[in-house]
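Novice: below are the sequence and a predicted model for it; my questions follow.
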Amino acid sequence: MSLWTSEEIATAVGGAAGAGFEVSGVAFDSREIGPGDLFIAMKGEATDGHRFIDQAFAAGAAGALVSQPIDQPHVQVADTFDALNALGRTSRARTQARVIGVTGSAGKTGTKEALFAALDRSAPGRTHRSVKSYNNHTGVPLSLARMPRDTKFGIFEMGMNRAGELAALTRLARPHVAIVTTIASAHREYFASDEAIADAKGEIFQGLEPGGTAIVPFDSPHRDRLIGAARPYAATIVTFGLGEGADVRANYVTGAPRGGSQVTATLPGAQLSYTISQPGAHWVANSLAVLAAVQAVGGDLAQAGLALADMAGLKGRGARTTIAVQGGEALLIDESYNANPASMAATLKVLGDTPVTGRRIAVLGTMRELGGESATFHAALAGPIETAKVDRAILVGDEMEALAKVLGGTVEMTHVPDAAAAIPVARAAIGTGDAVLVKGSNSIGLSALVEALTGGTN
């Protein structure tokens, strides 16, 4: 069964179809086009996708969505961005899937991937999710447009850095279940306070389908604010956390043999004991949100528990790799994709809890979009670094100067301007038995350092 026919695309987007075609996938990046895909030629500030039409068809595209005439099979519209949104809306309208939306200041992608693993285990091949971090005004409609028509469960990550953005995304996805993982000081450049961030994240509840469920972090200081945001839209509000009174609660948590956690959780009408492969208290919280959502959409809780035990680390978000160093091996913890003050503290704790025979080394990159409080937030990392018993810190980026000044002579430290400069410093610093955490905002480019240390195997 095709994902879309040219006739269906033309009807959905109000466009004019040329020669008939069928597609099995959708992409707006010509580098991601595979055989049988629809290429959407988007016009952006930096470039125009129409320049890559030939490249897309050479890669196997079956058709294109365009705003100007071309010789290849296509559907032509006035505006391809509007057409992408229309295609996403049509995909959402035709599906019978139970849809879950996920947002939060941290943990969105990990929770989305854990939900996919949990639900795909009981509905293999019929569970769909947004890939990578396709969570913005183009990523969400693209992920919807890619959803097969016979999907049973659909999981969509939604992000924002300004008020009003999530309201638009959630009304497009129309979730049956909406999750807020956590609230923290991310994107503070655009928000006056954490309360304002909570309000913006709470917009996800505005798109809930009738009878929908809102899932809220019980232990958050913004819990009641989020519950207030959900109440006008949600038929059911479920809280998750460690605190007494949470609807989905971890009653017992202990370490698992390979660094994860063993958890016994109580849910409405159920109890489940399970293992989480991923280390860290934040993953315990994520797992509770996952179980709450699985229960809300009628999924299999036992299968979800098994999936949490089998999950591998995500590239850039906790993947663990053994790397060769002079005299032996070291452990690399790859958290290079993104960072904010809360996720920095959480992953530094993971480093501190990681057994080592050598040293603990933290390669920490700039945290972006923190606005006027950036220096304060960076300097405050000194506490988590001390608690984690970090032996060596390699600080990357101009904003890390505030932390470098606070650390002073308390820990062996090097401050470098960029990721390229960090590579030789890290190579020289890492020894056998060390555990190395690499974390920073994506724009600082620490993924290049990870690639250099792993030889591209991560």
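Specialist: Yep, that arrived.
Novice: tally up the residues packed near Thr357, please.
Specialist: 10 (other CB atoms under 10 Å). Bear in mind the C-beta positions are built from the backbone N, C-alpha and C, glycine included.
Novice: what strand or helix carries it?
Specialist: Assigned by DSSP states H and E, Thr357 falls within no helix or strand.
Novice: name the nearest residue to it, ignoring sequence neighbours.
Specialist: The shortest distance from Thr357 to any non-neighbouring residue, by CB to CB, 6 or more residues apart in numbering, is to Gly433 (3.6 Å).
Novice: beta partners for Lys439?
Specialist: Glu335, Leu364 (DSSP bridges).
Novice: now do the strands in the stretch 201-350 of the chain.
Specialist: Assigned by DSSP state E, counting those that start in this stretch, the strands in the stretch 201-350 of the chain fall at 213-217, 236-241, 248-255, 261-267, 270-276, 319-325, 328-335.
Novice: tell me which of these is the most buried.
Specialist: Most buried of those, by mean neighbour count (mean count of other CB atoms under 10 Å): strand 213-217, with a mean of 27.
Novice: and that strand, what does it pack onto?
Specialist: strand 177-180, helix 223-230, strand 236-241, helix 281-296 (3 or more CB pairs under 8 Å, 6 or more residues apart in numbering; DSSP states H and E).
Novice: give me the contacts around the third one.
Specialist: Contacts of strand 236-241 from elsewhere in the structure, counted by CB atoms under 8 Å, 6 or more residues apart in numbering, are 211-220, 223, 227, 230-231, 245-250, 268, 285, 288-289, 291-292, 296.
Novice: center of this structure - which residue?
Specialist: Computing the C-alpha centroid of the chain and ranking residues by CA atoms, centre = their mean puts Thr109 first, at 2.1 Å.
Novice: before we move on, back to that, can you redo the strands of the stretch 201-350 of the chain as CSV with mean pLDDT?
Specialist: Formatted as CSV, these follow (pLDDT from 0 to 100):
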stretch, mean pLDDT
strand 213-217, 98
strand 236-241, 98
strand 248-255, 95
strand 261-267, 96
strand 270-276, 96
strand 319-325, 93
strand 328-335, 95
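Novice: let me know which of those is the nearest to Val450.
Specialist: strand 328-335 (5.0 Å; CB to CB).
Novice: dump the C-alpha coordinates for that closest one into CSV.
Specialist: Taking C-alpha atoms only, strand 328-335 is exported to CSV below (Å, rounded to 0.1, in the frame of the first residue of the first chain):
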residue,chain,number,x,y,z
GLY,A,328,43.7,0.4,27.3
GLU,A,329,40.1,1.7,27.0
ALA,A,330,37.9,4.4,28.3
LEU,A,331,34.1,5.0,28.5
LEU,A,332,32.6,7.8,26.4
ILE,A,333,29.1,9.1,27.4
ASP,A,334,27.8,11.0,24.4
GLU,A,335,25.3,13.7,25.4
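Novice: so where's the stretch 351-458 of the chain uncertain?
Specialist: 456-458 (pLDDT under 70).
Novice: let's see 90
Specialist: Scanning the stretch 351-458 of the chain for pLDDT under 90 picks out the ranges 369, 371-373, 408-410, 455-458.
Novice: the strands in it, which residues?
Specialist: In the stretch 351-458 of the chain, the strands defined using DSSP E, counting those that start in this stretch lie at 360-365, 392-396, 412-416, 435-439.
Novice: for Gln303, which of the ones you listed is the nearest?
Specialist: Across the strands of the stretch 351-458 of the chain, closest to Gln303 is strand 435-439 (CB to CB), at 31.6 Å.
Novice: what are the buried residues along that closest one?
Specialist: Ala435, Val436, Leu437, Val438, Lys439 (16 or more other CB atoms under 10 Å).
Novice: ok, stretch 121-130 next?
Specialist: Under the neighbour-count criterion of 16+ other CB under 10 Å, stretch 121-130 has Arg121, Ser122, Ala123, Thr127, His128, Arg129, Ser130 buried.
Novice: would you turn those residues into a markdown table with distance to Gly207?
Specialist: Listed next are the buried residues of stretch 121-130 as a markdown table, based on distance: CB to CB, whole Å:
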| residue | distance to Gly207 |
| --- | --- |
| Arg121 | 27 |
| Ser122 | 26 |
| Ala123 | 23 |
| Thr127 | 20 |
| His128 | 18 |
| Arg129 | 17 |
| Ser130 | 15 |
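Novice: from those, which shows the smallest pLDDT?
Specialist: Lowest in pLDDT among the buried residues of stretch 121-130 is Ser122, which has 90.
Novice: right, and that one touches Asp300 too?
Specialist: Yes - the criterion here is CB atoms under 8 Å, and Ser122 meets it with Asp300 at 4.1 Å.
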